[in-house]
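what's the 3D shape of this:
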Amino acid sequence: MSATRIETSLSRNLTVRSGELVAAALMLLFLVVGCGTPHPQPEKAAKDMPDALVPVEVDLGKFECTIPNDKTNSTITIDFHVFAKMPRYKSQELIDMLETHQNRFRHDILLRVRKFDRPSLNDPDLTRLRGEIHTALNEILPENKVDLIGFYHFQFLEE
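Presented below is the predicted three-dimensional model:
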């Protein structure tokens, strides 16, 4: 009887120890590997970020253009520095597009300005110029969300 007791005792001890070893191995595995595949958190849309709707000014550049007038044998020199006011979440997209399409944008603006005449430049609100700049922006970035086209500096001189 004592031999069977020893065997039972040994088998219980081995069973308990092997169970403890399995549990310890599983805990170590969970610690190293983790409890499962983590679910990636969806990125917040840029417009959902804090201060996303705060308007910012994006510098569109300085422009200088000379418009000849054959009828009066004079020229109009236009010099202006323009910006666009838009929500912060769209500004980086516009800045990146302006960097890659800067030459095309500048060329488009200058071609549009050369078609102006004196009465459209005498408008105190520069409505036509603002509209043409907005149209040029729409060509490089169709969904640009520009709220306002403004000028840091505007001057024209007729000689």
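
so who does residue 79 touch?
Contacts for residue 79 (C-beta atoms under 8 Å, 6 or more residues apart in numbering) come out as 62, 63, 64, 153, 154, 155, 156. In short, each C-beta sits where N, CA and C put it, glycine included.

tell me the bridge partners for it.
residue 64, residue 155 (DSSP bridges).

distance-wise, check it relative to residue 58.
The gap separating residue 79 from residue 58 is 20 Å, by C-beta to C-beta, to the nearest Å.

just send the contacts of residue 79 back as CSV, with distance to residue 133 and neighbour count too.
Shown next, in CSV, are the contacts of residue 79 (distance: C-beta to C-beta, whole Å; neighbours: other C-beta atoms under 10 Å):
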residue, distance to residue 133, neighbour count
62, 13, 12
63, 9, 16
64, 15, 12
153, 14, 9
154, 12, 15
155, 16, 11
156, 15, 17
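
and those residues, which is the shakiest by pLDDT?
Scanning the contacts of residue 79 for pLDDT, the low point is residue 156. It has 88.

now do the residue nearest to that one when sequence neighbours are not counted, the pLDDT please.
Spatial nearest neighbour of residue 156, excluding adjacent residues (C-beta to C-beta, 6 or more residues apart in numbering): residue 78 at 4.6 Å. On the pLDDT scale, residue 78 is placed at 94.

residues touching residue 78, list them.
Contacts of residue 78 (C-beta under 8 Å, 6+ apart): 63, 64, 65, 66, 67, 113, 116, 121, 155, 156.
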